[in-house]
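*Asks:* Okay, predicted coordinates and the sequence, questions at the end:
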Amino acid sequence: MTLKILIIRRDNIGDLVCTTPLFSALRKAHPDAWIGVLTNSYNAPVLAGNPDVDAVFAYRKAKHRTTGESRLGIWMATAALLWRLRRLRLDLVLCASPGAQRFARLLGARRVVKNDRRGVGHEVEITFQFITALGLRLVPGPLTVVAPPDERLRAQGLMANLGAGPVIGLHISARKVLQRWPKERFVALAQELHRHHGARLMLFWSPGSETNPLHPGDDEKAAWIVERTRDLPLLPFPTQRLIELMGGLAACDFVICSDGGAMHIAAGLGKPIVCFFGNSDAARWHPWGVPYELLQTDSRDVNDITVDAALAAFKRLQARL
């Protein structure tokens, strides 16, 4: 009889990406098992093409509902999804995020294991505690993100129009205020990267207006940067869908960004990274499994990271490769 395992990871993009070494370890330990993941609809695309996962089940959070949709309708759809999962007669459910036990109790699995998240270390290592709890002796490998080939090829084709030179992705958005590097410095950094390294640049940002109360984005910040870098080989790369961001980052040779979901996606794609950390825990959230240079000041405010510091970090990173 096939072993049926479900992992529940229902929080942010970075958290889900940092769980992929767990999926790989479970696949290695149980190559014939059925492995499913329950996550939310916003994050689910990062698991597209993941070789260690047989099925992805995505529920929608009420805050992600569209105009005209009711909270009741969202909750009813989630209840129907949980009923489908219950009918699978799961052998094992791993609760990898806070609040996962609420869902697990409704699934009727033979065994439910929660992660007590004790100790310190990287998020990958904290999540990987499941492996010890299951009596397995394995160590966490790299993150796994698979960019859709058509999205990667589209991005590569657009960059080919900008000539030759290394492709550096600049992701300008961050959820936390103290993680947001100023737009003026992104302009200055782009100019210096092109002047000294012949770089071609891809500009990424969270889509939407900064005035949107539900899903604020950085359209205005991106437009400001684009206007002031018209003399550079810089490609604005809007990403309304997560798979577009995955494809765009896959086309980069390096990525420069603040701590956040895009950083972990880039790490999952194997990209060398220069990352800005504000008030995040660098020991827990630094890029996993790839070469990186991490910049964080004593003030824990990215506004105190200079352009010169970012350039020096990029040079150190490039020299290591």
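*Replies:* Looks like it arrived, so ask away.

*Asks:* Ramachandran coordinates for the residue lying closest to I13 once chain neighbours are set aside?
*Replies:* Ranked by CB to CB, 6 or more residues apart in numbering and with sequence neighbours excluded, the top spatial neighbour of I13 is G261, at 3.2 Å. C-beta here means a position set from N, CA and C on the backbone, and glycine is covered the same way. Note on G261: its backbone torsions stand at phi -60, psi -40 [degrees, to the nearest 10].

*Asks:* how close does G261 sit to Y42?
*Replies:* 10 Å (CB to CB, to the nearest Å).

*Asks:* neighbour count winner among these two?
*Replies:* For G261 and Y42, the more surrounded residue by other CB atoms under 10 Å is G261, and the numbers stand at 24 against 18.

*Asks:* what do G261 and Y42 both touch?
*Replies:* I13 (CB atoms under 8 Å, 6 or more residues apart in numbering).

*Asks:* Contacts for the longest strand seen in the chain, please.
*Replies:* Determined from DSSP state E, the single longest strand within the chain is strand 34-40. Residues from elsewhere that reach strand 34-40 (CB under 8 Å, 6+ apart): 2-10, 16, 23, 26-27, 47, 52-61, 64, 85, 88, 103.

*Asks:* Identify the residues contacting stretch 114-122?
*Replies:* In contact with stretch 114-122 (CB under 8 Å, 6+ apart) are residues 18, 94-96, 100-101, 104, 126-127, 129-130, 133, 283-286, 288.

*Asks:* Of these, which belong to helices?
*Replies:* Among these, the ones falling in helices (DSSP state H) are 100-101, 104, 126-127, 129-130, 133, 283-285.

*Asks:* now the closest residue in space to S258 that isn't next to it in sequence: how far from L107?
*Replies:* Nearest non-adjacent residue to S258, counting by CB to CB, 6+ apart: A174, 4.0 Å away. Distance from A174 to L107, counting by CB to CB: 35 Å.

*Asks:* Give me the more crowded residue out of those two.
*Replies:* The neighbour count for A174 versus L107, taken as other CB under 10 Å, is higher for A174 (24 against 19).

*Asks:* what's the pLDDT at the more buried one?
*Replies:* Looking at A174, its pLDDT reads 93.

*Asks:* Likewise for the one 10 residues further on?
*Replies:* We note a pLDDT of 98 for E184 in this prediction.

*Asks:* Check the one 5 residues further on too.
*Replies:* Turning to L189, the model gives it a pLDDT of 98.

*Asks:* next one: the helix or strand harbouring it to chain centre, how far?
*Replies:* Counting by DSSP states H and E, the element that carries L189 is helix 183-197. Distance of helix 183-197 from the chain centroid (CA atoms, centre = their mean, to the nearest Å) equals 25 Å.

*Asks:* Could you name the helices and strands sitting against that helix?
*Replies:* strand 167-171, strand 200-204, helix 219-227, helix 307-320 (3 or more CB pairs under 8 Å, 6 or more residues apart in numbering; DSSP states H and E).

*Asks:* Name the residues that touch the longest one?
*Replies:* Okay, so that is helix 307-320. Residues from elsewhere that reach helix 307-320 (CB under 8 Å, 6+ apart): 168, 185, 188-189, 192-193, 196-197, 254, 256, 272-274, 276, 291-293, 295.

*Asks:* go with 10 Å
*Replies:* Contacts with helix 307-320, where a contact means CB atoms under 10 Å, 6 or more residues apart in numbering, come from 166, 168, 181-182, 184-193, 196-197, 199, 253-254, 256, 272-276, 291-295, 297, 305-306.

*Asks:* Need the buried ones from those residues selected in PyMOL.
*Replies:* Here is the PyMOL command that picks out the buried ones among those, judged by 16 or more other CB atoms under 10 Å:
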select buried, resi 168+181+185+186+187+188+189+190+191+192+193+197+199+254+256+272+273+274+275+276+291+292+293+295+305
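
*Asks:* which stretches of the stretch 201-321 of the chain aren't confidently modelled?
*Replies:* 213-214 (pLDDT under 70).
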